[in-house]
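Trainee: Here is the input, now give the coordinates:
(one chain, ligands or ions: 6)
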Amino acid sequence: MRFSLSHVLAGALMGIAGVSAIPQQPTSAASPTSVSSASPSQTSSSSSDQSQVCNNSPVLCDRHYNDITYMGAHDSAFLRDASTGNSIAGNQFLNATDALDAGLRLLQAQVHNENGTLHLCHTSCGLLDAGPLDNWLADINDWVVSHTSDVITLLLVNSDEENVSEFAAAFQQSGLSNFGFVPQSKTEWPSLRDMIANKTRVVSFITNIDSSSSSPYLLPEFDYVFETPFTVVDLNGFNCTVDRPSNAGTAAQAFGSGFMGLINHFKDQEITAGLTIPDTDNIVLVNSDNTTTAGNLGLHIQQCNTQWNHRPSFVLVDFWDQGETVKAADNSNGINQVTAFGTTAAVMDYASIPTPATCYADFCLIPVGTGSVSVAEEVAQVQRVLKASGLKYTMHSAGTTVEGSWEDVMTVIGKAHSAVHEKGVVRVQSSMRVGSRTDKKQTAEDKVKRVQDLLSKDTK
Ligand SMILES: *[C@@H]1O[C@H](CO)[C@@H](O)[C@H](O)[C@H]1NC(C)=O
Ligand SMILES: *[C@@H]1O[C@H](CO)[C@@H](O)[C@H](O)[C@H]1NC(C)=O
Ligand SMILES: *[C@@H]1O[C@H](CO)[C@@H](O)[C@H](O)[C@H]1NC(C)=O
Ligand SMILES: *[C@@H]1O[C@H](CO)[C@@H](O)[C@H](O)[C@H]1NC(C)=O
Ligand SMILES: *[C@@H]1O[C@H](CO)[C@@H](O)[C@H](O)[C@H]1NC(C)=O
Ligand SMILES: *[C@@H]1O[C@H](CO)[C@@H](O)[C@H](O)[C@H]1NC(C)=O
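Mentor: Ligands and ions are numbered 1, 2, ... in the order given. Predicted structure coming up:
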């Protein structure tokens, strides 16, 4: 028999995930800038209904809870870091708070009874004991309290089949019970906006419990969620078949009766016959948002979406900070903007953000202190620099519009400064307005033409 350190209990799902997407601020800051003062005001992407963000995205506010893909950290409490002596049983490099900060919105873990107290233990408390459940839940509660526009999901594997009342005590102790969401029906889930407004922002699934009227927010997982298989050791082994619960039927039947789908997407490797551990060797491929290669996270999500004809609700991954896990959830949710994540630099390399591929700058170069009122000489010099650059430019009475890549445009303006300095002008001050947009390609000429078209209508 195969002994899997990672998933004897992976049956247990635990967390919910989240989505990332752009905080509103960057979204509106990225709205198009007009290139000339005459250009019509451009429609900004920000409008009043987008003033709220839910799980980091305005797009998700009006979507129902069960129509969103939440990226989740599998065995989120079991770390391969200094705190565990880099235990090979660990499934994550970074902890659950880091995961939430990075945009994951689902946390899964296993719970055992250790001498009468609920502990987060991996397979057994002798192997990896991450401490009492209520302490960990208190850390999650801290995050939930300070993130008022986020809905998260927890998925706890009740390995020792403890009574739901034991879990309720830990949830109360931590404060999380205050945020517990109680579904009114299995099929009708509210929008994130409504859950946020009601302050019921934590959905908690637990395996092997009976629901209880004294803690109605603790939900028996397999009444609501079905899962794909979880003991995968082969890159070709991921599929979208319903593995549990056995009574859910096919995926079509499961969706028909209101189940949400959970994709287990983590790979083990066999280190000796019968002993498997979480695979870090292939982690970049396994957690890639690509859809091209067997084993890619993006491909697995896409396949399940297609086969199920439903968006997967939950995805569990190991070592979530490797690959593009949050991006994969964004793709599944149809969120395509550049994504800004909380505070975890591990997910986005800010140093390597590219500048816009195209932009327009309307600039007016002003030599200061030449003692002459006319600037024709300097303007002619600037025009020579622009001509030599090969960029498209248009001179008008109050300045010049130049188009090209961000680097090229900024470089030519810098060269214009230098050329005027070389003429003996010691101080040059330019005013500039610069615009870039990613939704469509529009040249400065197009923009002027648009204004002319509008004006020509006025005279008719
Ligand atoms: C994660 O680590 C940070 C920094 O050590 C700590 O403040 C936080 O409480 C930890 N979160 C969890 C869930 O363990
Ligand atoms: C539980 O009891 C066993 C046996 O007495 C002991 O070895 C272990 O350290 C205890 N666990 C905790 C978390 O106190
Ligand atoms: C769980 O505990 C409650 C209250 O202590 C009790 O009424 C119930 O019968 C217990 N359920 C099980 C399955 O043991
Ligand atoms: C919000 O709370 C009200 C009052 O308790 C309840 O009627 C409504 O169903 C709740 N909505 C959601 C989305 O939970
Ligand atoms: C999906 O994977 C499981 C576990 O490996 C396997 O039993 C099942 O047959 C696979 N389903 C399909 C359709 O291949
Ligand atoms: C993802 O796809 C790109 C483009 O095909 C490729 O260059 C890259 O190596 C792939 N990465 C992984 C991890 O599969």
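Trainee: Going by proximity to ligand 6, name the top residue of the stretch 101-250 of the chain.
Mentor: Leu235 (10.8 Å; CB to the nearest ligand atom). Where you see a C-beta, it was placed from the backbone N, CA and C, and this is true even at glycine.
Trainee: Against ligand 3, how distant is that residue?
Mentor: Distance, Leu235 to ligand 3, using CB to the nearest ligand atom, to the nearest Å: 41 Å.
Trainee: same deal with Trp308?
Mentor: 33 Å.
Trainee: Thr293: how many residues sit nearby?
Mentor: 12 (other CB atoms under 10 Å).
Trainee: Next, it: phi, psi?
Mentor: phi -120, psi 140 (degrees, to the nearest 10).
Trainee: Test my guess that it contacts Val284.
Mentor: No. Contact criterion CB atoms under 8 Å: Thr293 and Val284 do not qualify, at 11.0 Å.
Trainee: Now do the same for the residue of the stretch 101-250 of the chain closest to ligand 6: its pLDDT.
Mentor: Note on Leu235: pLDDT of 97.
Trainee: And it, which helix or strand is it part of?
Mentor: Per DSSP states H and E, Leu235 falls between elements, in no helix or strand.
Trainee: Show the contacting residues for the closest residue in space to it that isn't next to it in sequence.
Mentor: Of all residues not flanking Leu235 in the chain, Gly295 sits nearest, at 3.4 Å (CB to CB, 6 or more residues apart in numbering). Gly295 sits next to Leu235, Asn236, Phe238, Lys267, Asn282, Leu285, Val286 when contact means CB atoms under 8 Å, 6 or more residues apart in numbering.
Trainee: low-confidence ranges in the stretch 301-450 of the chain?
Mentor: By pLDDT under 70, the weakly predicted segments of the stretch 301-450 of the chain are 337-352, 371, 373-374, 439-444, 447-448, 450.
Trainee: Distance-wise, check the closest residue to ligand 3 within it relative to Cys240.
Mentor: Taking CB to the nearest ligand atom, ligand 3 has its nearest neighbour within the stretch 301-450 of the chain at Phe314, 26.3 Å off. Noted for Phe314: a distance of 13 Å to Cys240, by CB to CB, to the nearest Å.
Trainee: List the buried residues of the longest helix anywhere in the chain.
Mentor: Longest helix in the chain, counting residues (DSSP state H): helix 406-422. Across helix 406-422, burial judged by 16 or more other CB atoms under 10 Å covers Trp406, Asp408, Val409, Met410, Val412, Ile413, Ala416, His417, Ala419, Val420.
Trainee: out of those residues, who's near ligand 5?
Mentor: Among the buried residues of helix 406-422, no residue sits close to ligand 5 (CB under 6 Å from any ligand atom).
Trainee: from the residues you listed, which is closest to ligand 4?
Mentor: Trp406 (44.4 Å).
Trainee: what residues are up against that closest one?
Mentor: Thr355, Pro356, Ala357, Thr358, Cys359, Ser436.
Trainee: And the buried ones among those, selectable in ChimeraX?
Mentor: Here is the ChimeraX selection string for the buried members of those, based on 16+ other CB under 10 Å:
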select :358,359,436
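Trainee: Return the subset of the contacts of Trp406 lying in strands.
Mentor: When the contacts of Trp406 are checked against strands (DSSP state E), the matches are Cys359.
Trainee: Tell me which two of the contacts of Trp406 sit farthest apart.
Mentor: Thr355 and Thr358 (10.1 Å; CB to CB).
Trainee: Could you tell me which residues touch both of those two?
Mentor: Ser405, Trp406.
Trainee: about what we covered before: would you format the contacts of Trp406 as TSV with distance to ligand 1 included?
Mentor: Conversion of the contacts of Trp406 to TSV gives the following (distance: CB to the nearest ligand atom, whole Å):
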residue	distance to ligand 1
Thr355	34
Pro356	36
Ala357	38
Thr358	42
Cys359	40
Ser436	37
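Trainee: Dump the contacts of Trp406 into CSV; add distance to Phe222 as well.
Mentor: Converted to CSV, the contacts of Trp406 look like this (distance: CB to CB, whole Å):
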residue, distance to Phe222
Thr355, 50
Pro356, 48
Ala357, 48
Thr358, 52
Cys359, 53
Ser436, 49
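Trainee: Can you tell me which of the contacts of Trp406 comes closest to ligand 6?
Mentor: Using CB to the nearest ligand atom, the contacts of Trp406 come closest to ligand 6 at Ala357, 18.3 Å.
Trainee: Pretty sure that closest one sits against Ser405.
Mentor: Yes. Using CB under 8 Å, Ala357 is in contact with Ser405, at 5.9 Å.
Trainee: any idea how far Arg437 is from ligand 6?
Mentor: Taking CB to the nearest ligand atom, one finds Arg437 at 25 Å from ligand 6.
Trainee: residues contacting the residue in the chain positioned nearest to ligand 3?
Mentor: Residue nearest to ligand 3 within the chain (CB to the nearest ligand atom): Asn163, separated by 3.6 Å. For Asn163, the contacting residues are Ile209, by CB under 8 Å, 6+ apart.
Trainee: What residues does the chain have near ligand 4?
Mentor: Checking the chain against ligand 4 by CB under 6 Å from any ligand atom, the hits are Pro190, Asp194, Met195, Asn198, Thr200.
Trainee: pLDDT wise, what is the third one at?
Mentor: Translated: Met195. 98.
Trainee: shouldn't it be in contact with Asn66?
Mentor: No. Contact status for Met195 versus Asn66: not in contact, 11.5 Å apart, counting by CB under 8 Å.
Trainee: Name the helix or strand for the residue of the stretch 301-450 of the chain at minimum distance from ligand 5, please.
Mentor: Closest to ligand 5 within the stretch 301-450 of the chain is Gln307: 9.2 Å, counting by CB to the nearest ligand atom. Assigned by DSSP H and E, Gln307 belongs to helix 297-308.
Trainee: Export that helix to PDB, keeping only CA atoms.
Mentor: Output in PDB follows, covering the C-alpha atoms of helix 297-308 (Å, rounded to 0.1, in the frame of the first residue of the first chain):
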ATOM      1  CA  LEU A 297      -2.500  24.200 -13.700                       C
ATOM      2  CA  GLY A 298      -4.000  26.400 -16.400                       C
ATOM      3  CA  LEU A 299      -4.600  23.400 -18.600                       C
ATOM      4  CA  HIS A 300      -6.300  21.400 -15.800                       C
ATOM      5  CA  ILE A 301      -8.600  24.300 -14.900                       C
ATOM      6  CA  GLN A 302      -9.500  24.800 -18.600                       C
ATOM      7  CA  GLN A 303     -10.200  21.100 -19.100                       C
ATOM      8  CA  CYS A 304     -12.500  20.900 -16.100                       C
ATOM      9  CA  ASN A 305     -14.300  24.100 -17.100                       C
ATOM     10  CA  THR A 306     -14.900  22.600 -20.600                       C
ATOM     11  CA  GLN A 307     -15.900  19.100 -19.400                       C
ATOM     12  CA  TRP A 308     -18.100  20.400 -16.600                       C
END
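Trainee: Can it be said to contact ligand 6?
Mentor: No. Helix 297-308 does not reach ligand 6 (CB under 6 Å from any ligand atom); its nearest approach is 8.6 Å.
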